[in-house]
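Chemist: let's see this in three dimensions:
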Amino acid sequence: MNILVVTSIYPREDAAEGSTATKVVHYFVKEWEKIGHKVLVVHVPNRIIYFTYFLPASIREKLKAKTGNEFPDKSMLRKGEIPYDGVTVYRRPVFKLIPRSLSNNLLVNQCAKEITSYLRGKRFTPDLIIGHWETPVIQLINDLGKRYCCKKSIVFHGNAYADRYPKKMRELLKDFDAIGTRSLVSAKKLEKTLGLKKQPFVCYSGIPDSYVDLYKPDYTKFQYPIQNFIYVGTLIERKNCDSLIKALAKQNSDDWHLDIVGDGAEKQNLVNLAKDLKVEGQITFHGKVPREKVIDLMQKAQCFIMNSRGEVFGLVYLEAMLANCITVASLKEGMDGIITSGKDGFLVNAGKVEELAETIHKIQELDSEEAKKIAEAGYKTACEYTDSAVANKYLKSIETWKK
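Modeler: The predicted structure is shown next:
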């Protein structure tokens, strides 16, 4: 089958240093190629006002910390075939004057014509068009769908555009064969907002199959009181690492230690917070570390906590579960629907310090058998979400969604 993937975010070799663009779509592409499909990627990044590409790095970092968004660099303006990791990628930026608005129809139509010409030159006729992120992707696929007799699917990575443009979204999506989202919570909300006849399928990410071999089950660490905690992620506001530090500082005992792995614009604020709360001696800021070090720290930790807001999905949670960590994520966010609170992890409302402090206390009160049971269940859950498993499930969801 010929699969055309249209996405506004895709990793790239010419990215600026420090780029954190997610590879989620790329992982699907690689798995589909492994099972024999021919896949071509069209990367349609939003091209914004020109001067923003020249903002000082310090300002870009501050904006990234506030919004959680990746700000494009000048290399993003390059157009043409720019392969990545063995995958054929055609990049075609689409100008957008106002962030988080719909793209101009004339510009979308022009882009669709150029994509069609490119595909003709590659002698590539899609049997299935798969889209990720909302703009300009939905508009583009709607246009391309009139040029090719094939199935069309889109995965929403949030509900902002559906909330803002429900009527327009319903109109654009009426001929799509499948609609998906990145979490169960988002699927329920999108069904209601757009008045869909069927709940969107959930397009979960996976973890590399090799990770199952990297992380060997070892529950002996639960023979001891739970006091080793870990956070792995970018240090930006919406990740709520400050809430984690505050919640740990509220524990009656000071027999705990927190490893914070990652870097970002919020790091100094977090260092200052730890000093203000007089817990700096119980926290180690590792910064960015090699992959092997992350694995080592994960396996030594007993509990992983990242209580983010706006977290559509997070591979790091699954990785923590593979590492036999009791894992704490956010209620009504991306892991809600994968983690069942109290069974294979815990869910807490994002940024609620008191609630998180109570959950941490509950975890510390678990006896060794209870802790082991939750960690074991978490490991089994994570094993169900390998790249190969979710990639196959994704295509089956598209095939059956309208039936």
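
Chemist: the most centrally placed residue in the chain in helix, strand or coil?
Modeler: In the chain, the C-alpha nearest the mean C-alpha coordinate belongs to Phe313, at 4.2 Å (CA atoms, centre = their mean). Under DSSP: H, G, I helix; E, B strand; the rest coil, Phe313 falls in the coil class.

Chemist: what sits against it?
Modeler: The neighbourhood of Phe313, defined by CB atoms under 8 Å, 6 or more residues apart in numbering, consists of 24, 182-183, 204-205, 334-335. (Glycine included, C-beta is placed from N, CA and C.)

Chemist: what does Lys168 give?
Modeler: For Lys168, the contact set (CB under 8 Å, 6+ apart) comprises Leu102.

Chemist: any idea how far it lies from Asp336?
Modeler: As defined by CB to CB, to the nearest Å, Lys168 lies at a distance of 28 Å from Asp336.

Chemist: next one: Asn159
Modeler: Taking CB to CB, one finds Asn159 at 14 Å from Asp336.

Chemist: again, but for Lys96
Modeler: Distance, Lys96 to Asp336, using CB to CB: 31 Å.

Chemist: go on, Cys325?
Modeler: As defined by CB to CB, Cys325 lies at a distance of 18 Å from Asp336.

Chemist: isn't Asp175 right up against Asn142?
Modeler: Yes - using CB atoms under 8 Å, Asp175 makes contact with Asn142 at a distance of 7.3 Å.

Chemist: mind listing the shared neighbours of these two?
Modeler: Shared contacts of Asp175 and Asn142 (CB under 8 Å, 6+ apart): Lys152.

Chemist: between those two, which one's more packed in?
Modeler: Shown here are Asp175 and Asn142; by other CB atoms under 10 Å, Asn142 has more neighbours (20 against 11).

Chemist: tell me who's in contact with the more buried one.
Modeler: Listed by CB under 8 Å, 6+ apart, the contact partners of Asn142 are 152, 172-173, 175-176.

Chemist: try 10 Å this time
Modeler: 108, 112, 131, 152, 154, 171-176 (CB atoms under 10 Å, 6 or more residues apart in numbering).

Chemist: on the three-state scheme, it is what?
Modeler: Using three-state DSSP, the structure places Asn142 in helix.

Chemist: if I look at it, how far off is Asn240?
Modeler: 37 Å.

Chemist: quick check: domain ranges of the protein?
Modeler: According to automatic domain parsing, the chain comprises the domains 2-206+387-400, 211-383.

Chemist: avg pLDDT for the longest one?
Modeler: Looking back up the chat, that one is domain 2-206+387-400. For domain 2-206+387-400, mean pLDDT rounds to 90.

Chemist: circling back: by neighbours, which of the contacts of Asn142 wins?
Modeler: Gly131 (29 neighbours).

Chemist: contact partners for it?
Modeler: 4-8, 25, 42, 44, 137-142, 144, 152-156, 176, 179-180.

Chemist: now, those residues that are in helices?
Modeler: Judged by DSSP state H, the contacts of Gly131 include 25, 137-142, 144 as members of helices.

Chemist: selection in ChimeraX covering whichever of these are buried, please.
Modeler: Remark: buried members of the ones in helices among the contacts of Gly131, expressed as a ChimeraX selection using 16 or more other CB atoms under 10 Å:
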select :25,137,138,139,140,141,142,144
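
Chemist: what's around Val202, how many residues?
Modeler: Around Val202 there are 23 residues (other CB under 10 Å).

Chemist: list the beta-bridge partners for it.
Modeler: Under the criterion DSSP bridges, Val202 forms beta bridges with Thr181.

Chemist: right, and it touches Ala178 too?
Modeler: No - between Val202 and Ala178 there is no contact under CB atoms under 10 Å: 11.8 Å.

Chemist: what is in contact with those two at once?
Modeler: In contact with both Val202 and Ala178: 155, 394, 397, using CB under 10 Å, 6+ apart.

Chemist: so which of those is the most crowded?
Modeler: Counting neighbours by other CB under 10 Å, Val155 comes out on top of the shared contacts of Val202 and Ala178 with 28 neighbours.

Chemist: now it: closest residue in space, sequence neighbours ignored.
Modeler: Among residues not flanking Val155 along the chain, Gly180 sits closest, at 4.2 Å (CB to CB, 6 or more residues apart in numbering).

Chemist: list the contacts for the one you found?
Modeler: By CB under 10 Å, 6+ apart, the contact list for Gly180 reads 130-132, 153-157, 186-187, 190, 200-204, 394, 397-398, 401.

Chemist: one more pass at 6 Å, please.
Modeler: Gly180 makes contact with 155, 200-201, 203 under the criterion CB atoms under 6 Å, 6 or more residues apart in numbering.

Chemist: between those, which sits nearest Asp213?
Modeler: Set against Asp213, the nearest of those by CB to CB is Cys203 (25.1 Å).

Chemist: so the closest one touches Val155, yeah?
Modeler: Yes - at 4.6 Å, Cys203 counts as touching Val155 under the criterion of CB atoms under 6 Å.

Chemist: with only the CA atoms kept, save the host helix or strand of Ser243 in PDB.
Modeler: Ser243 belongs to helix 241-249 when assigned by DSSP states H and E. Provided in PDB are the C-alpha atoms of helix 241-249 (Å, rounded to 0.1, in the frame of the first residue of the first chain):
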ATOM      1  CA  CYS A 241       8.100  20.200  37.900                       C
ATOM      2  CA  ASP A 242       7.700  23.000  40.500                       C
ATOM      3  CA  SER A 243       4.600  21.300  41.800                       C
ATOM      4  CA  LEU A 244       6.600  18.100  42.300                       C
ATOM      5  CA  ILE A 245       9.200  19.800  44.300                       C
ATOM      6  CA  LYS A 246       6.600  21.500  46.500                       C
ATOM      7  CA  ALA A 247       4.700  18.200  47.000                       C
ATOM      8  CA  LEU A 248       7.800  16.400  48.100                       C
ATOM      9  CA  ALA A 249       8.800  19.200  50.400                       C
END
